[in-house]
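Asker: Quick one, structure for this:
(one chain, ligands or ions: 1)
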Amino acid sequence: MESTCVRVPREKGEGTRQHLADEGVLNRDLRIQEEDGYLYIPVTDVPDDLPTTVRRFDERDDETDADEILGYEPRFETVGDVALLEPEEDDEAGEALVEADNGISTALRVESAVEGRERTRRMSYVAGEEKTRAVHREYGREFVVDLTDVYFTPRLAEERERVASQVSADETVFDMFAGVGPFTVAAAEAGADVVASDINESAVELLRENAARNKVEDRVTAYNEDAREVARRVAGTADRVYMNLPHSADGFLDAACEAARDGAVIHYYDIRHEDDLFDGAVEEIRGAAADAGYEVEVLDRVVVRSYAPYDYNVCVDVRLV
Ligand SMILES: C[S@@+](CC[C@H](N)C(=O)[O-])C[C@H]1O[C@@H](n2cnc3c(N)ncnc32)[C@H](O)[C@@H]1O
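Answerer: I've put the predicted structure just below:
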């Protein structure tokens, strides 16, 4: 249908849309159009301070996307039906994500980097249902997560699959920093017996719930204890050790070696500068392994994801021999 509209360069689109919404003249029944670097924003009345033109617009059907509502793409990731907005996104982005037809019920804004021993992030409520829990699905598995109480990122899904694909049914796996159990559950599904530890009580409760949800609780033993203490329980029986505590895993290499049996594989995660992605990490592992009487065979060096400008989350897979 034909409507009066405001024409603005694309980069001014969000500010203008917001201004028109504040003035109460934004026509939300029609879709914003983009053409040749300009946005055409339909209005219900002629605004006092902006020139207008007339144009044909499509009516919004039920299938709206957040970027159609906003006129730009908001930056966010989803965990289950919760959208986690980047800190710089404003409330409108969260409201649009909840309003759009995309299965999102809640929008939270990420207010801090991952911090503290439990590696959690602060979040603030923006829109939709007031909750911090979500059920996230990846590779056919389901994980209950509390987004403010525990660490969880969907960005490691592929990496979890990579290491789980190496697990065979008769293994004992030690997941030292297990969180809500995404590595643990994947390994248990591959048939391993998994011992998991985490110092975060909420994470361990959710890990147990997630093991049951994915029907692998019989193969998972979880301890709400420091990984060092649990390494003493595992003592020389682990065929595979997950060390997913980037930044600090080096301080636990001696415990990993204590838990490992001869020939065990260690998946060691680290954050490394692009100038030295792997060598420094391999040296750390070699040093700790030598103290425990092992040599190290490097099996793989993997860039898992970009972490910050010039920094990468990497994994080094080694065998103790
Ligand atoms: C980066 S998160 C990884 C969680 C999980 N592996 C995942 O991929 O979602 C690290 C976890 O280690 C736990 N943690 C930190 N220090 C620990 C320690 N000394 N012993 C056991 N767990 C620890 C934190 O509570 C957090 O849940």
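
Asker: which residues does the residue nearest to K131 when sequence neighbours are not counted contact?
Answerer: Of all residues not flanking K131 in the chain, T106 sits nearest, at 5.6 Å (CB to CB, 6 or more residues apart in numbering). (C-beta placed from N, C-alpha, C; glycine too.) If you count contacts by CB atoms under 8 Å, 6 or more residues apart in numbering, T106 has them with D81, V82, A83, V98, Y125, A127, G128, E129, E130, K131, A134.

Asker: How much space separates the closest residue to the ligand within the chain from V167?
Answerer: Closest contact between the chain and the ligand, by CB to the nearest ligand atom, is at G179 (2.6 Å). Distance, G179 to V167, using CB to CB, to the nearest Å: 18 Å.

Asker: got it, and T132?
Answerer: According to CB to CB, T132 and V167 sit 31 Å apart.

Asker: Tell me which of the two has more neighbours.
Answerer: V167 (21 against 15; other CB atoms under 10 Å).

Asker: follow-up on the earlier one: tell me the one of the contacts of T106 nearest E171?
Answerer: Proximity of the contacts of T106 to E171 (CB to CB) peaks at A134, which lies at 30.4 Å.

Asker: Would you mind checking which helix or strand in the chain has the lowest mean pLDDT?
Answerer: Least confident helix or strand of the chain, by mean pLDDT, DSSP states H and E, is helix 13-23 with a mean of 77.

Asker: That one packs against which elements?
Answerer: Counting by 3 or more CB pairs under 8 Å, 6 or more residues apart in numbering; DSSP states H and E, the packing neighbours recorded for helix 13-23 are strand 2-9, strand 38-42.

Asker: Just the residues contacting the longest one, thanks.
Answerer: Residues outside strand 2-9 that contact it (CB under 8 Å, 6+ apart): 16, 20, 27, 30, 37-43, 45-47, 50-57.

Asker: And the shortest one, by the same measure?
Answerer: With CB under 8 Å, 6+ apart as the test, strand 38-42 has contacts from 3-10, 13, 16-17, 20, 26-27, 30-34, 53, 55, 57, 71.
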